[in-house]
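1. Mind folding the following:
(one chain, ligands or ions: 1)
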Amino acid sequence: MSKNTKPLACISLDLDNQWSYMKIHGDEGWDKYPSYFDIFIPHVLDILDELELRITFFIVGRDAEKEENSKYLQMITDRGHEVGNHSFNHESWLQTYSKEEIEKEIIAAEKAIEKATGMRPKGFRGPGFSWSIDLLKILHERGYIFDASTLPTYLGPLARKYYFMKSDLSKEEKKARSELFGKFSEGCRSLKPYYWDLGEGRKILEIPVTTMPVFKIPFHLSYLMYLSNISRGLMILYLQIAVGLCKLTRTPLSFLLHPLDLVGGDQITQLAFFPGMNIGSKRKTEVFKKVISILKRNYRLVNMTEFYEYYKNVPAMKQPG
Ligand SMILES: [Zn+2]
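-> Residues are numbered from 1 along each chain as shown. Model prediction:
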């Protein structure tokens, strides 16, 4: 297959910082917003350069606002990547927010991200795949071209159970998070890009994080990293089945990365006790390169705006809910 006839796949990275992992885990000190950007950002930019990838980084407003982070965030756009909005406070239950609260979150993050990177975000991904109809309407009002907050999987309730088990949250905190990672019905959502119909002629393109067609089980990098720790061959087989099913069902691919997929406890010693952080950066980088080589064989890898440009003429419209 020649280079031009390959379908597109977009790559994005949710730039969750050290504090947001600590917050999710219920660790003290997260509210001082400790950062690992000084280590992680130069590390990931070098890997992406080596692989000749230009991707979309979803940035949290709270990080963009901090003076000491701006030098690292600026590197992202300087090196040819684009930025998206990942909310201001990274709270994974945006569906419980009022319209005013959501508006505040989006605008504050957008302003801070533009100031730190020189680029205004055009796309949004909710933390923990959370979103609401009000949120989509606000994105549309503010000129966003896509939302990327949905993860069509049946595994949400299971992931939530696991998360509660592994954290030290109080009963109240668990209640606030009772819809974390979504309901079982999330699994029924489409994997292909479509427009949310917001009424009065308003619409916004949804680019779901791709899960395995038919089975609706995730295969973003965190899952592949987990599998590769059991067996490298199993990980490759799983990814090949996922890619094969995407091609068979003509599902365009949106592939998601997280910082801890690419660095280990050897570099980020503050999070060395976290699941999967016993694997070193070198090994994680090798697995990532293997994954990218498989994706490159099947797809032309682009950022989310280029992906949007290609798929923006899809006719499918869906009612949010
Ligand atoms: Zn996140």
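
2. Quick check: which ranges of the stretch 1-150 of the chain have low pLDDT?
-> 1-4 (pLDDT under 70).

3. Okay, strands next: where are they in it?
-> 8-14, 56-59, 82-85, 123-124, 146-147 (DSSP state E, counting those that start in this stretch).

4. Ok, which of the ones you listed comes nearest the ion?
-> Among the strands of the stretch 1-150 of the chain, the nearest to the ion by Cβ to the ion is strand 8-14 (4.0 Å). Yep, even glycine has a C-beta here, placed from its N, CA and C like the rest.

5. May I see the buried residues of the closest one?
-> Buried positions in strand 8-14, judged by neighbour count with 16 or more other Cβ atoms under 10 Å: Leu8, Ala9, Cys10, Ile11, Ser12, Leu13, Asp14.

6. Mind checking if it is in reach of the ion?
-> Yes - residues of strand 8-14 are located near the ion by Cβ under 5 Å from the ion, namely Asp14.

7. what's that strand in contact with?
-> Residues from elsewhere that reach strand 8-14, judged by Cβ atoms under 8 Å, 6 or more residues apart in numbering: 44, 53, 55-58, 84, 86, 125, 127, 148, 207, 252-259, 295, 298-304, 306-307, 310-311.

8. what lines up beside that strand in the sheet?
-> Paired neighbours of strand 8-14 in the sheet (DSSP bridges): strand 56-59 (parallel), strand 253-257 (parallel), strand 300-302 (parallel).

9. Now do the second one: distance to the chain's middle.
-> Computed by Cα atoms, centre = their mean, to the nearest Å, the chain-centroid distance of strand 253-257 equals 8 Å.

10. Can you name the element that comes right after it?
-> Going down the chain from strand 253-257, the next helix or strand is helix 281-298, by DSSP states H and E.

11. can you check the shortest one too?
-> Counting by DSSP H and E, the next helix or strand C-terminal to strand 300-302 is helix 304-311.

12. How about the residues of the protein by the ion?
-> Going by Cβ under 5 Å from the ion, the residues of the chain near the ion are Asp14, Asp16, Pro127.

13. In TSV, list the residues you listed along with distance to Met235.
-> Output for the residues of the chain next to the ion, formatted as TSV (distance: Cβ to Cβ, whole Å):
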residue	distance to Met235
Asp14	21
Asp16	22
Pro127	26
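
14. Going by distance to Gly199, which of those residues wins?
-> Pro127 (26.0 Å; Cβ to Cβ).

15. which residues are in contact with the helix or strand where Lys203 lies?
-> Element membership of Lys203, judged by DSSP H and E, is strand 202-206. Strand 202-206 has contacts (Cβ under 8 Å, 6+ apart) with 136-137, 139-140, 144-148, 150, 193-198, 308, 311-312, 314, 317-318.

16. Please work out which residue of the stretch 201-321 of the chain is closest to the ion.
-> His258 (7.3 Å).

17. count of residues packed around Leu237?
-> Residues within reach of Leu237, counting by other Cβ atoms under 10 Å, total 12.

18. Which strand or helix spans it?
-> Element membership for Leu237, per DSSP H and E: helix 232-248.

19. what about the residue of the stretch 201-321 of the chain closest to the ion, neighbour count?
-> His258: 15 neighbours (other Cβ under 10 Å).

20. so it touches Leu221, yeah?
-> Yes - the criterion here is Cβ atoms under 8 Å, and His258 meets it with Leu221 at 6.8 Å.

21. still on that earlier bit, so what are the sheet partners of the strand holding Lys203 and their directions?
-> Strand 202-206 has these strand partners (DSSP bridges): strand 146-147 (parallel), strand 194-199 (antiparallel).

22. of all these, which lies closest to Ser20?
-> Comparing the strands paired with strand 202-206 against Ser20 with Cβ to Cβ, the closest turns out to be strand 146-147 (20.0 Å).

23. what's next to the closest one, contact-wise?
-> Outside strand 146-147, the residues touching it (Cβ under 8 Å, 6+ apart) are 122-125, 131, 135-136, 139, 196, 204-207, 304, 308.
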